[in-house]
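1. need a structure here:
(one chain, ligands or ions: 2)
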Amino acid sequence: MEIIKGIAGAPGLAKADAYFYRKNISKTAVVDIDEAVKISLEKIEGLKRKAENSLGEGEVKIFEAYKMLLEDRALISQIRSRIEDGDDAVSATEAVTGRMSAILASKKNEYMRQRADDIRYVGKLICESLCGAKQEDDKNFEGKVILAAYELTPVDTMLFDLKNLAAIVTETGGATSHTVILAKSLGIPAVTGVENIEKRIKTGSFLCVDGNTGKVTVDPGKEQLAEFEMRLEEERNFIEKIKSLKKSKAYLRDGEEFNVCVNIGNPEDLNELEETVFNGVGLFRTEFLYSKSQKKPTFEQQAEAYKKVIDFCGDEYVTIRTIDVGGDKIIDYLNMKKEENPFLGSRGIRLSMDNGEIFLEQLCAILYAARGKKVKILLPMITSVKELDWAKDMIKKAEERLSEKNLDFCRNYLVGIMIETPACAVCADIFAKKCDFFSIGTNDLVQYITAADRGNVSVAKFYNPYHLAVLRLIDFTAKSAVKNGISVSVCGDLAANLDFTEIFVGMGIKSLSVPAMILGRVKKRLGEISEKEAAKTLETVLSSDDGDKIEGILKKGERK
Ligand code: PEP
Ligand code: MG
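-> Numbers count the residues shown, from 1 in each chain. Ligands and ions are numbered 1, 2, ... in the order given. Okay, here's the model as predicted:
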């Protein structure tokens with residue numbers, strides 16, 4: 001038996017035999033480059049059709065992107081010209097796609113980095129076709145298997161009989177890799193980051209995979225297996241329970257209604273929520289509009305995206321956060337300066353103040369898209385009242401501009417702020433008198449309170465959401481909002497962390513905004529909480545002097 005600690009990719013538990021997928025590709029080309037491109041295109045077409053039948057729109061788009069690359073004359077002619085200069089076809093393909101991919105991977109723009117993966121995958125595909133690699137055509141398994149591999153491209157994954165995949169385990173790929181996205185849309189667990197996978201997992205190894213924690217047990221002993229089976233049974237009951245909560249509102253144990261909203265990054269994220277009851281969008285991160293292409297989105301493109309979401313949500317509020325780039329999100333055309341400490345640099349509202357026209361255009365697009373309806377405008381990275389006042393003036397200017405253009409616009413809007421800097425949280429009592437709502441961004445708030453970069457693994461142990469300072473400031477923020485009669489919600493990752501749900505209720509928070517996947521889990525947890533008990537738990541937590549003790553209290557009573 002061996003217990004491997006990987007990275008939790010997609011949630012859930014599974015046990016089954018492993019199938020280790022290894023590509024044995026010779027390096028000798030047996031067809032020419034034009035033939036290889038043709039074969040690759042046919043493969044992609046076939047896989048795209050399969051994806052259309054079994055997966056969501058997002059996955060189909062991946063195959064469309066591959067197709068476009070294969071049809072890109074410039075790419076193929078670069079490969080051809082290296083072949084003419086004497087390279088063999090496989091080396092030429094590897095060199096050209098490898099170089100292009102490395103250039104794109106070094107870009108800070110997220111859109112470009114994603115293209116780097118696409119080019120790399122397409123390069124591999126052409127090499128396989130060149131060498132006549134017979135893909136393991138539609139590998140059909142007798143029963144469920146756990147697919148293990150060093151790397152799984154979306155193309156590889158589509159070769160398998162998807163309904164028989166119980167889980168995916170890989171060495172490469174992070175929490176946002178294509179493998180993980182695919183596993184999530186198939187609803188199966190995934191663990192990535194398993195070092196030396198080839199030596200540790202073989203075809204036929206029996207695996208217990210825990211996608212919630214990233215733990216993989218290879219050939220478990222009797223005791224471990226029995227324990228895992230018990231958890232599997234609990235997980236099954238749990239999934240049934242959360243499925244049944246899909247169509248109901250969220251209530252506390254005492255019967256009080258509670259708001260659960262979703263966080264989205266683009267309008268397509270709502271597709272899977274057609275049948276689900278939720279209280280609107282608590283956080284619409286609008287950065288995707290700015291990072292998805294190399295050009296600034298037009299007023300019309302923005303308005304269309306916002307309107308789609310507003311229409312989908314009917315009578316519920318959509319909370320649109322104004323552009324929040326900077327930090328780890330870089331947009332080339334915004335002329336952002338290279339900064340030593342970007343998380344302490346020009347980000348969020350600060351960047352909007354440096355790019356007033358872009359901010360104004362976004363506000364116009366929001367107000368125009370919400371004409372005849374209601375909307376919440378959320379401002380990121382606020383540290384002083386001056387910034388809030390400036391933004392409110394800009395909203396007035398947006399109204400004037402739309403009037404001048406004879407365009408109808410929303411008059412029924414609320415203006416709120418992200419509470420994600422300690423400066424803002426400490427002065428929450430003052431801000432509560434100056435805006436309509438608070439949304440607590442715990443991802444940044446925790447990093448700024450604990451002085452630990454949220455993306456730096458070497459200080460991960462200091463990035464401690466259980467720290468008393470974090471809880472004191474969230475509590476003060478919530479109470480300031482309640483006292484001043486404005487609404488307060490949590491939209492950072494802690495909203496989806498069930499350890500914290502009870503104390504958020506205890507603080508008087510009545511709304512949480514979480515990724516769609518987590519909605520059911522949060523509704524279920526809320527149903528176990530009574531306001532009275534929550535207030536007591538909060539009191540105990542706030543009188544503890546140490547993060548470890550707090551973590552212990554909050555983790556008490558095994559929760560998923
Ligand atoms: C946050 O900081 O908690 C938040 C929700 O914003 P983002 O993760 O987009 O910075
Ligand atoms: Mg933030």
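2. can you list the residues of this protein near ligand 1?
-> Residues of the chain that fall close to ligand 1, judged by CB under 6 Å from any ligand atom: 283, 285, 324, 420, 441-444, 491-492. Where C-beta positions appear, they are placed from N, C-alpha and C, glycine not excepted.
3. if we go to 8 Å?
-> By the rule CB under 8 Å from any ligand atom, the part of the chain lying against ligand 1 is 263, 283, 285, 287, 321, 324, 327, 380, 418, 420, 439-445, 491-494.
4. Out of these, which end up buried?
-> If you count burial by 16 or more other CB atoms under 10 Å, the buried members of the residues of the chain next to ligand 1 come out as 263, 283, 285, 287, 321, 324, 327, 380, 418, 420, 439-442, 444-445, 491-494.
5. so who does the residue in the stretch 451-560 of the chain that ligand 2 sits nearest to touch?
-> Closest residue of the stretch 451-560 of the chain to ligand 2, CB to the ion: Gly492 (6.9 Å). Going by CB atoms under 8 Å, 6 or more residues apart in numbering, Gly492 touches 420, 440-446.
6. Look up how far Leu75 lies from Ser81.
-> Look at Ser81 and Leu75: by CB to CB, to the nearest Å, they are 11 Å apart.
7. If you count surrounding residues, which of these two has more?
-> Between Ser81 and Leu75, counted using other CB atoms under 10 Å, Leu75 has the larger neighbour count: 21 against 12.
8. Test my guess that that one contacts Met100.
-> Yes. Judged on CB atoms under 8 Å, Leu75 makes contact with Met100 at a distance of 7.3 Å.
9. if I look at the two, which residues touch both of them?
-> Listed contacts common to Leu75 and Met100 are Ile119; contacts here mean CB under 8 Å, 6+ apart.
10. need the residues of this protein near ligand 2, please.
-> By CB under 5 Å from the ion, the residues of the chain that approach ligand 2 are 420, 441, 444.
11. Contact partners for Asn443?
-> Under the criterion of CB under 8 Å, 6+ apart, the neighbours of Asn443 are 420, 454, 492-493.
12. tell me which of the residues you listed is nearest to ligand 1?
-> Using CB to the nearest ligand atom, Gly492 comes nearest to ligand 1 of these, at 2.7 Å.
13. pLDDT value on the closest one, please?
-> pLDDT for Gly492: 90.
14. residues in contact with the residue nearest to it when sequence neighbours are not counted?
-> What sits nearest to Gly492 in space, not counting adjacent residues and going by CB to CB, 6 or more residues apart in numbering, is Thr442, at 3.1 Å. Residues counted as contacts of Thr442 (CB under 8 Å, 6+ apart) are 420, 465, 470, 474, 490, 492-495.
15. go on, Glu316?
-> 261, 278-281.
16. switch the cut-off to 7 Å
-> Neighbouring residues of Glu316 by CB atoms under 7 Å, 6 or more residues apart in numbering: 279-280.
17. Provide the secondary structure category for it.
-> Assigned by DSSP: H, G, I helix; E, B strand; the rest coil, the conformation of Glu316 is coil.
18. Next one: it, what pLDDT does it get?
-> As predicted, Glu316 sits at a pLDDT of 96.
19. I'd say Leu270 and Cys261 touch.
-> No. With contacts counted by CB atoms under 7 Å, Leu270 stays clear of Cys261, the gap being 11.8 Å.
20. And the two? Which one has more around it.
-> Using other CB under 10 Å, the more surrounded residue of Leu270 and Cys261 is Cys261, with 25 against 20.
21. follow-up on the earlier one: just the closest of the contacts of Gly492 to Glu42, please.
-> The shortest gap between Glu42 and any of the contacts of Gly492 belongs to Asn443, at 43.8 Å (CB to CB).
22. quick check: mean pLDDT across the helix or strand hosting the closest one?
-> Element membership for Asn443, per DSSP states H and E: helix 442-450. The predicted model gives helix 442-450 an average pLDDT of 95.
23. swap in stretch 539-554?
-> On average, stretch 539-554 scores 91.
24. buried residues in that stretch?
-> 541, 544, 547, 550-551, 553-554.
25. residue boundaries of the strands in the stretch 201-350 of the chain?
-> Taking DSSP state E, counting those that start in this stretch as the criterion, the stretch 201-350 of the chain carries its strands at 206-210, 215-218, 250-251, 257-264, 281-285, 318-321.
26. Could you export those strands as a markdown table, including distance to Ala95?
-> Shown next, in a markdown table, are the strands of the stretch 201-350 of the chain (distance: least, CB to CB, whole Å):
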| stretch | distance to Ala95 |
| --- | --- |
| strand 206-210 | 37 |
| strand 215-218 | 35 |
| strand 250-251 | 55 |
| strand 257-264 | 40 |
| strand 281-285 | 37 |
| strand 318-321 | 42 |
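27. closest one to Arg525 among the ones you listed?
-> Across these, Arg525 has its closest neighbour in strand 250-251 (9.5 Å, CB to CB).
28. Okay, now the sheet partners of that closest one, with direction.
-> According to DSSP bridges, strand 250-251 forms sheet pairs with strand 257-264 (antiparallel).
29. And the spatially closest residue to Asn464 that is not a sequence neighbour, how far from Phe504?
-> Spatial nearest neighbour of Asn464, excluding adjacent residues (CB to CB, 6+ apart): Gly547 at 5.1 Å. Gly547 sits 17 Å away from Phe504, going by CB to CB.
30. Neighbours of Leu225, how many?
-> As a burial measure, Leu225 scores 16 neighbours (other CB under 10 Å).
31. mind listing what it touches?
-> Contact analysis of Leu225 by CB under 7 Å, 6+ apart lists Cys208.
32. What does the pLDDT read for it?
-> So, for Leu225, pLDDT stands at 95.
33. Test my guess that Ile197 contacts Ile168.
-> No. The criterion here is CB under 7 Å, and Ile197 misses it with Ile168 at 11.6 Å.
34. between those two, who's got more neighbours?
-> Taking neighbours as other CB under 10 Å, Ile197 and Ile168 compare with Ile168 leading, 29 against 21.
35. Any idea how many residues pack against the nearest residue to Leu47 once chain neighbours are set aside?
-> Excluding its sequence neighbours, the residue lying closest to Leu47 (CB to CB, 6+ apart) is Met158, at 4.3 Å. Neighbour count of Met158, defined by other CB under 10 Å: 25.
36. Ala65 too?
-> Per other CB under 10 Å, the neighbour tally for Ala65 reads 18.
37. Over to the one 3 residues further on?
-> Met68 sits with 12 neighbouring residues when counted by other CB under 10 Å.
38. For Ser106, see how far away it is.
-> According to CB to CB, Met68 and Ser106 sit 22 Å apart.
39. what's the answer for Asp117, then?
-> Asp117 sits 13 Å away from Ser106, going by CB to CB.
40. more crowded one of those two?
-> Neighbours were counted for Asp117 and for Ser106 using other CB under 10 Å; Asp117 has more, 19 against 10.
41. Report the buried residues of the helix or strand containing that one.
-> Element membership of Asp117 [criterion: DSSP H and E] is helix 110-130. For helix 110-130, a neighbour-count test (16+ other CB under 10 Å) marks 110-112, 114-130 as buried.
42. ok, now stretch 272-289?
-> Residues 273, 276, 278-289 are the ones in stretch 272-289 that count as buried (16+ other CB under 10 Å).
43. and what of stretch 372-386?
-> For stretch 372-386, a neighbour-count test (16+ other CB under 10 Å) marks 373-383, 385 as buried.
44. Could you check how far the closest residue to Arg231 other than its chain neighbours is from Val216?
-> Closest residue to Arg231 apart from its sequence neighbours, by CB to CB, 6+ apart: Leu13 at 6.1 Å. Counting by CB to CB, the gap from Leu13 to Val216 is 11 Å.
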